Structures are given as structure tokens and as C-alpha cells.
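Colleague: sequence below, structure please.
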Amino acid sequence: MAQGSRIPFSGVLLIVLGGLFLADQMGALSFQHTFRQWWPAIMVLAGLLNLIEKPSTPLGPLVLITVGIALLLSNLGYVKFSSVWKLWPIVLIGVGLNILFSQGKGKA
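Modeller: Numbering: from 1, shown residues only. Purely as a prediction, here's the structure:
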């Protein structure tokens, strides 16, 4: 794939969010309620984009996607956050698996 000039996703995201919050402050639209409920979708999107760009290092993006989905499901009322919080040891398991499987990659 040819390396061309790329627009940083984080910069575009900040500009869009700033514009939406400014419009909310000026009374042009009501954005805070929507944002309060759907903000974890930004985490999921960021994790997916990172996973697509750097598929060789999937742990960070997968954790971001998983946490984002859990928070989104909690915000939408599908699961209780206290139920999701009980699953935090999965993060430890994932980090341990990442350490085990990355040990052989650096050796020739």
C-alpha cells in the first residue's frame, strides 16, 4: 500500500466533537444527552481503526473494543455495569496470553 498523506483520525474526531458541543452550547441542537449515552461507541471505533492499521499488535485495540462494547451495552440498559465489572479478570488473562505468545516473535 502506498504511503500518502493521511488525516489523523483523532484530530478530525476532536474537531467534530468540539463543533457538536459548541452547537449544543449555542442552543442549535441538543447533543449532550446523545453523547452521554453513545460515547463508548467512540472507543469501539478507535479500537477497530487501530486494529485495522496495526493488526500485528491486537491486544490494546481488542481491550478498547471490549470495554467500549461493555460500557455501551450498560448505557443502553442491556446489561448492568456491576455484572460487566465482574469480568475484569479477562483483562489479566488477555495480558498473560499476549506475553506468552509474544515471547517467540522476537527470537530468530
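Colleague: the closest residue to residue 58 other than its chain neighbours: which element?
Modeller: Leaving aside its chain neighbours, residue 58 sits nearest to residue 51 (6.0 Å; criterion: C-beta to C-beta, 6 or more residues apart in numbering). Glycine gets a C-beta too; all of them are placed from N, C-alpha and C. Following DSSP states H and E, one finds residue 51 within helix 40-53.
Colleague: and the next element down the chain from that helix?
Modeller: Per DSSP H and E, the first helix or strand lying C-terminal to helix 40-53 is helix 59-75.
Colleague: tell me which other helices or strands the next helix or strand after that next one touches.
Modeller: Downstream of helix 59-75, the next assigned helix or strand under DSSP H and E is helix 81-85. Counting contacts by 3 or more C-beta pairs under 8 Å, 6 or more residues apart in numbering; DSSP states H and E, helix 81-85 packs against helix 59-75.
Colleague: now do the helix it packs on and helix 40-53, the angle between them.
Modeller: 160 degrees (axes from the mean of the first three to the mean of the last three C-alpha atoms, to 10 degrees).
Colleague: hey, C-alpha coordinates of helix 59-75 in CSV?
Modeller: Output in CSV follows, covering the C-alpha atoms of helix 59-75 (Å, rounded to 0.1, in the frame of the first residue of the first chain):
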residue,chain,number,x,y,z
LEU,A,59,-4.2,-6.6,22.4
GLY,A,60,-4.7,-2.9,23.0
PRO,A,61,-7.4,-2.4,20.4
LEU,A,62,-9.2,-5.6,21.5
VAL,A,63,-9.3,-4.4,25.1
LEU,A,64,-10.5,-1.0,23.9
ILE,A,65,-13.2,-2.6,21.8
THR,A,66,-14.3,-4.9,24.6
VAL,A,67,-14.5,-2.2,27.2
GLY,A,68,-16.3,0.1,24.8
ILE,A,69,-18.9,-2.5,23.9
ALA,A,70,-19.4,-3.3,27.6
LEU,A,71,-19.9,0.4,28.5
LEU,A,72,-22.2,0.9,25.5
LEU,A,73,-24.4,-2.1,26.5
SER,A,74,-24.5,-0.8,30.0
ASN,A,75,-25.5,2.7,28.9
